[in-house]
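Visitor: Curious how this folds, go ahead:
(2 chains)
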Amino acid sequence: MKKMSLLFSSICLTLVFASVSFAAGTIKIGALFAVTGPASFLGEPEKKTLELLVKEANDKGGINGMKLEAVIYDTGGDATKAVQLATKLIKDDKVSLIIGPSTTGESMAVIPVVEKEKIPMISCSAGIKITDPAKHWVFKTPANDHVAAEKILNYMASKKQKSIALLTVTDGFGASGREQIKALAKQKGFTIVADEVYGPKDTDMTAQLTKIRGIKPDAIICWGTNPGPAVVTKNVKQLGIKTPLYMSHGVASKKYIELAGADSAEGVMLPAGKLAIYEALSKSDAQYKLLKGYDQSYKKAYGTEASTFGGYAYDAFLLATGAIKKSGSTPEQIRNGIEKTSKLVSISGVFTMSPKDHNGLDLSAFEMVKVVKGDWVMIK
Amino acid sequence: MQFDQILQYTLSGISTGAIYALIGIGFSIIYNATGIINFAQGEFVMLGGLLTLSCLELLNLPLWAAVPCAVAVSTVVGVLFERLAIRPLRQPTPINLVIITIGGSILIRGLAMLVWGKDTHTIPPFSGDTPIAIGGATILPQHLWILAITLIIIVINKIYFYHTISGKAMRACSYNRRAAGLVGIDVRRMVLFSFIISSAMGAVAGIIVAPLTMTAYDVGVMLGLKGFCAAIIGGMSSGISTVIGGLILGVLESLGAGLISSGYKDAIAFIILLLIMFIRPQGLFGKADSERV
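Guide: Below is the predicted model:
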């Protein structure tokens, strides 16, 4: 019995020593992305982006002379799996920080783990709950949905549009958008005259839109990710509805215009992250060079356009490496470094963190754009 | 409630319902020939749309050539599915077969995801997208295509099942497989035929809806379920009652979304399904003492 306990304690000691020695020349970055499953449209570009960036950084000699190593696991969009893999990253792989997960549900599930193990996490999901209230070890890169919603409402106010018909998708993204818009609309004195929803796989929204047409609102706001909004756009055209149609930042890609058809999408307005529209930005914009560089190297490596979602991983990587350069590479130093980030120019916007704000983006993360002849045009 | 709104709900419902009907008939044909519910039916809908896309974009075929080409390839997939997954089974109990079709559908969906990726795709409408006004409501030319093609398929089905030898043989199988075998009908061949017909019909349905609803590797799931509902309402007949089942489903969904709440749209379909199962398991139009018993 005594022998056993001796053996056990010596194993424990070995483990402790093993975990202390992780800073030997490489920095391990753990990542949890939903590479497969329903949220793969997020996880796949995120994984590709991170791999690309780690390779580029190592080719340039690493960060502070230390090589980077990315340990990327696929969560399949499953919160339970995300928690298991987060524990694995921390206990087995001994990573210094975790990038991801891709979805809000997974992030919320992983937060207690990283808080307990004291490992910084930079989530790539948009849910406002992740960083509101701010948690010690948790950051996130996508702008809050309400920032996009506020952008639309501010624009509507400038056009004197007062009554809103909502049409949102019945998934996490749509439900969050619906709540945010309703709360903001109340604050800013708009009236919601219709509150309709559709399923993520619905193929025809004419019923909801016919109802909305009968109510005659000043504007329609549709909140969802492809393909729903493209169907809505086609249906609006079919029903001959002339009411201005706003979409969320969830469809800010050329894919949306392609799916809806340039003809039907004409005149649709939405708040877009700057990556989707960087070609329309002025060359003096602080982000222009970075956005162009990202899009081109992504295209070169993978043959497809860079997406806003991959940009979230880009932001996380820049935040992390920025912190490592400034503060050092232990989890504690990285966390403190990220919190001190100020005016970091990245893909989603310009980040300025504070102990209260662990997202660091404001209204300038989005630009209002309009579809004109199958392309984005900035509107003021 | 204005008249033109009701008219719009009804028209939208009918055009969606026609699709459910086409898919539902596919379910019924296989059910009648084999006694199984082929849960891979939705995947043929997906294949139809995506294969058309490939024919148009990769092979640069014109639409009139791409459509038959896509239908042919989907049918080949249907035949392979029957040959490789259904036929080799030693003891084909219905539950085994049903599980095999579910497995098959997951396999086909997975392969499609690898081939076409996870993105949504669209194919151009057959004849433009200028809306047609009908008394205050509007429909698209593609809706007319859907209705016309559904109608043509139903007529062809009727002729096949009632006026050709192999159609009659297939009906014989559905009444009594054993007796059909005894009078010299090759039951296994009829099973193969049923897969050919239903995979081709599924593909056609997938192609004609793709311009409106778009298509992706996973569209088959929901459309398949709705088609299954239509077939249940129609009492698993391969004729007009499944068509009416599909239309009822489409119109009720659309009216429900418009008049009650769009949040309950899918719930409506499945409440109908449950009600039918509880109250009239033989279908809305079936006689209680089914001929199949």
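
Visitor: Near chain A, which residues of the stretch 101-250 of chain B? Just list them.
Guide: B:118-122, B:129, B:131, B:138-140, B:209, B:212-214, B:216, B:218-219, B:221-223 (C-beta under 8 Å from any C-beta of the partner chain). Yep, even glycine has a C-beta here, placed from its N, CA and C like the rest.

Visitor: Out of those, list just those in strands.
Guide: Assigned to strands by DSSP state E, the following of those qualify: B:138, B:139.

Visitor: The one helix or strand residue B:271 maps to vs chain A: in contact?
Guide: Following DSSP states H and E, one finds residue B:271 within helix B:265-279. Yes: using C-beta under 8 Å from any C-beta, helix B:265-279 reaches chain A at B:265, B:266.

Visitor: List the buried residues of that helix.
Guide: Residues B:265, B:266, B:268, B:269, B:272, B:273, B:276 are the ones in helix B:265-279 that count as buried (16 or more other C-beta atoms under 10 Å in any protein chain shown).

Visitor: if we look at stretch B:112-130, which residues are touching it?
Guide: A:40-41, A:44, A:226-227, A:230, A:234, A:237-238, A:255, A:258-259, A:261, A:263-264, B:43, B:46-47, B:49-50, B:52-54, B:56, B:63, B:140-142, B:145, B:207-208, B:210-212, B:214-218 (C-beta atoms under 8 Å, 6 or more residues apart in numbering or on different chains).

Visitor: Give me the distance between the two termini of it.
Guide: Stretch B:112-130 has an end-to-end distance of 32 Å (criterion: C-alpha to C-alpha, to the nearest Å).

Visitor: What residue in chain A comes nearest to chain B?
Guide: Chain B sits closest to residue A:203 of chain A, with a gap of 3.3 Å, by C-beta to the nearest C-beta.

Visitor: Now flag whichever of the buried residues of helix B:265-279 is closest to chain A.
Guide: For the buried residues of helix B:265-279, the residue nearest chain A by C-beta to the nearest C-beta is residue B:266; the value is 5.5 Å.

Visitor: List the buried residues in stretch A:188-196.
Guide: Neighbour-count burial for stretch A:188-196 flags A:190, A:192, A:194, A:195, A:196 (criterion: 16+ other C-beta under 10 Å).

Visitor: Then stretch B:55-63?
Guide: Neighbour-count burial for stretch B:55-63 [16+ other C-beta under 10 Å]: B:55, B:56, B:61.

Visitor: Output those residues as CSV; include the columns distance to chain A, secondary structure and pLDDT.
Guide: Converted to CSV, the buried residues of stretch B:55-63 look like this (distance: C-beta to the nearest C-beta, whole Å; DSSP: H, G, I helix; E, B strand; the rest coil; pLDDT from 0 to 100):
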residue, distance to chain A, secondary structure, pLDDT
B:55, 18, helix, 93
B:56, 14, helix, 92
B:61, 20, coil, 89
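
Visitor: near chain B, which residues of chain A show up?
Guide: A:40-41, A:44, A:170, A:196-199, A:201-204, A:206-208, A:210-211, A:213-214, A:226-227, A:230-231, A:234, A:237-240, A:255, A:258-259, A:261, A:263-264.

Visitor: now those residues: which count as buried?
Guide: Buried members of these, scored by 16+ other C-beta under 10 Å, are A:40-41, A:44, A:170, A:196-199, A:201-204, A:206-208, A:210-211, A:213, A:226-227, A:230-231, A:234, A:237-239, A:255, A:258-259, A:261, A:264.

Visitor: Just the ones in strands from the residues of chain A next to chain B, please.
Guide: Using DSSP E, the residues of chain A next to chain B in strands are A:196, A:197, A:198.

Visitor: Adding distance to residue A:336 and pLDDT as columns, could you present those in TSV?
Guide: Output for those, formatted as TSV (distance: C-beta to C-beta, whole Å; pLDDT from 0 to 100):
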residue	distance to residue A:336	pLDDT
A:196	46	92
A:197	43	92
A:198	45	92
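
Visitor: Could you single out the nearest of those to residue A:332?
Guide: Nearest to residue A:332 among these is residue A:197, at 44.5 Å by C-beta to C-beta.

Visitor: need the strands for the stretch 101-250 of chain B, in chain order.
Guide: Taking DSSP state E, counting those that start in this stretch, the strands of the stretch 101-250 of chain B run over residues B:132-134, B:137-139.

Visitor: Out of these, which is the most enclosed?
Guide: Mean neighbours per residue, mean count of other C-beta atoms under 10 Å in any protein chain shown, is largest over these for strand B:137-139, with a mean of 22.

Visitor: Touching, residue B:3 and residue B:136? I think so.
Guide: Yes: between residue B:3 and residue B:136 a contact is recorded at 7.0 Å, counting by C-beta atoms under 8 Å.

Visitor: where do the helices sit along the stretch 151-300 of chain A?
Guide: A:172-188, A:206-215, A:228-238, A:254-260, A:262-265, A:288-302 (DSSP state H, counting those that start in this stretch).

Visitor: Buried deepest among these, which one?
Guide: helix A:228-238 comes out most buried of the helices of the stretch 151-300 of chain A by mean count of other C-beta under 10 Å, with a mean of 26.

Visitor: for it, packing partners?
Guide: Applying 3 or more C-beta pairs under 8 Å, 6 or more residues apart in numbering or on different chains; DSSP states H and E, we find helix A:228-238 packed against helix A:206-215, strand A:219-223, strand A:245-247, helix A:254-260, helix A:262-265, helix B:187-213.

Visitor: picking that back up, looking at the ones in strands among the residues of chain A next to chain B, spot the one nearest residue B:34.
Guide: When these are compared against residue B:34 (criterion: C-beta to C-beta), the nearest one is residue A:198, at 35.7 Å.

Visitor: can you pull the contacts of the residue nearest to the closest one when sequence neighbours are not counted?
Guide: Spatially, and ignoring its direct neighbours in sequence, residue A:198 is nearest to residue A:205 (5.2 Å; C-beta to C-beta, 6 or more residues apart in numbering or on different chains). Contacts for residue A:205 (C-beta under 8 Å, 6+ apart) come out as A:167, A:198, A:228, A:231, A:232, A:235.

Visitor: if you set the cut-off to 6 Å instead, what comes out?
Guide: Listed by C-beta atoms under 6 Å, 6 or more residues apart in numbering or on different chains, the contact partners of residue A:205 are A:198, A:231, A:232, A:235.

Visitor: for the stretch 251-380 of chain A, what spans make up the strands?
Guide: Going by DSSP E, counting those that start in this stretch, the stretch 251-380 of chain A shows strands at A:269-273, A:344-345, A:350-351, A:366-372, A:375-378.

Visitor: relative to helix A:288-302, how tilted is the first one?
Guide: Spelled out, it's strand A:269-273. 80 degrees (axes from the mean of the first three to the mean of the last three C-alpha atoms, to 10 degrees).

Visitor: what helices or strands is strand A:269-273 leaning on?
Guide: Other helices and strands packing on strand A:269-273, by 3 or more C-beta pairs under 6 Å, 6 or more residues apart in numbering or on different chains; DSSP states H and E, are helix A:145-158, strand A:366-372.
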